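1. predicted model and sequence below, questions to follow.
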Amino acid sequence: MAVLKPFKAWRPQPEFADKVACVPYDVINTSEAKEMAAGNPTSFLHVIRPEIDLPSGISIYKDEVYQKGKENLKSLLDSEVFTQEEQEALYIYRLTMNGRSQTGIFGCVSVVDYNNDIILKHEKTRPDKENDRTRHIITQQAHAEPVMLTFRDSENISTYMSAFTGDHDPVYDIQTDDGISHTIWKVEEASDLIEAFGKIPKIYVADGHHRCASAARAAKESAEKNADHNGSEEYNYFPAVLFPTDQLEILAYNRIVLSIPDDFLKQLSERFQVKKNAQPVPEEKGTVAFYVNDNWYSIHFKDQDHSDPTTSLDISKLQKRVLEPILGIKDQRTDPNIDFVGGIRGTDELEKLVDNGEAALGISLYPTSINELMDVSDAGLLMPPKSTWFEPKLRSGLLVHTF
């Protein structure tokens, strides 16, 4: 059963919260991070993207980058900006975007649960990204960013959160530049929540596979260096926000292809019935839309392959029937001819990238469902890379876990 642990969070004083909070490290690149943090020395981007404070062009894997992140974190924690809780606590975190809210529990989960598949994965990690985040965690002696997990709410945790937030004032209630509201309540007496999560058999990784894997690796390395290791050390836990499945919304994770054959549409029409002037955003599962030559085309996968939970995914069918046989893309994770565009950017972004020559083809998909994600995880299988895009994103820097 799932372990949920309160922790002594480092958090910004309320008057600094909106300036500290930043987007996760993996949704922006270095230049975007540098622009976002410009003129704001308290931005948590200086911790999770420390290369922005070093000479332009430096590799993000240089020793100086990891050391700079450590220095930046220490500087923030030692300043008037941050304070550390005197007692362990859990938190309730609510995100509101476009009038829609989702509410989850912010606490620490166990690397033992991750290693023993109580926390289930659905995506394979990339070694370079996993190595990078592991080094940041070990160098900083901190888990600077939470992951997003989800669970089937069989213990009335949603009811608890609703009652608690109605009766208590939040410690933070901020709105970020993208119009998303972030509201956080502190739960000092957390025994009811700990007991409830202790009855939940499985938790699922929604967003943050690399941070989960890196936390587990960092814990293993820390244990190996600690002659008195007993399993209770803080490095054995990492921060997460756990949302009931019915509160999450998954957007499509779209694709661009940089180069395509001249006869791509001809080859596509030989395999499928192709509709011209199609809707850019597919309206049903099984439909995929392609942007090429200033127009949208769509196909529909008519047959339903249910041999296992992964084969029924639209992205699996796209891979098997279009990407590999027509475009020669055998592994989306490593092939340089394909790239990924989060659904929050919309199909306008696909059109822009194709129209300005940065890509030859835009691919718009129907979103993977939360039930599909859990079915794949329950079966011990993995989805193709970049199958899900969760929005809104958690903010980093509001609650930091050190060890």
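-> That came through fine.
2. CA only for contacts and neighbour counts going forward, please
-> Fine.
3. what number of residues lie near residue 80?
-> For residue 80, the neighbour count with other C-alpha atoms under 10 Å is 11.
4. scratch that, residue 343 is what I was asking about
-> For residue 343, using other C-alpha under 10 Å, the count is 22.
5. correct me if wrong: it contacts residue 255.
-> No: contact between residue 343 and residue 255 fails when scored by C-alpha atoms under 8 Å: they sit 9.6 Å apart.
6. give me the common contacts of the two.
-> In the contact map built from C-alpha atoms under 8 Å, 6 or more residues apart in numbering, no residue is linked to both residue 343 and residue 255.
7. got a list of what residue 244 touches?
-> In this structure, residue 244 makes contact with 103-104, 150-153, 158, judged by C-alpha under 8 Å, 6+ apart.
8. output those residues as CSV; include the columns distance to residue 331, pLDDT and neighbour count.
-> What follows is the contacts of residue 244, written out as CSV (distance: C-alpha to C-alpha, whole Å; pLDDT from 0 to 100; neighbours: other C-alpha atoms under 10 Å):
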residue, distance to residue 331, pLDDT, neighbour count
103, 36, 98, 22
104, 34, 98, 24
150, 28, 97, 25
151, 30, 97, 20
152, 32, 95, 17
153, 35, 94, 16
158, 39, 96, 18
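9. poorly predicted segments of the stretch 51-200 of the chain, please.
-> Within the stretch 51-200 of the chain, no range satisfies pLDDT under 70.
10. now the strands: where do they sit in it?
-> With strands called from DSSP state E, counting those that start in this stretch, the stretch 51-200 of the chain shows them at 82-84, 90-97, 100-110, 119-120, 142-143, 147-151, 172-175, 181-187.
11. out of those, the one nearest residue 307 is which?
-> strand 119-120 (20.9 Å; C-alpha to C-alpha).
12. now that closest one: how far from the chain's centre is it?
-> The gap between where strand 119-120 is centred and where its chain is centred comes out at 15 Å by C-alpha atoms, centre = their mean, to the nearest Å.
13. repeat for stretch 223-233
-> Remark: stretch 223-233 is offset 29 Å from the chain centroid, using C-alpha atoms, centre = their mean.
14. now residue 205: closest residue in space that isn't a chain neighbour?
-> residue 149 (4.6 Å; C-alpha to C-alpha, 6 or more residues apart in numbering).
15. would you mind giving the strands of the stretch 51-200 of the chain as TSV with distance to residue 27 added?
-> TSV is the format used below for the strands of the stretch 51-200 of the chain (distance: least, C-alpha to C-alpha, whole Å):
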stretch	distance to residue 27
strand 82-84	25
strand 90-97	17
strand 100-110	20
strand 119-120	22
strand 142-143	18
strand 147-151	13
strand 172-175	19
strand 181-187	18
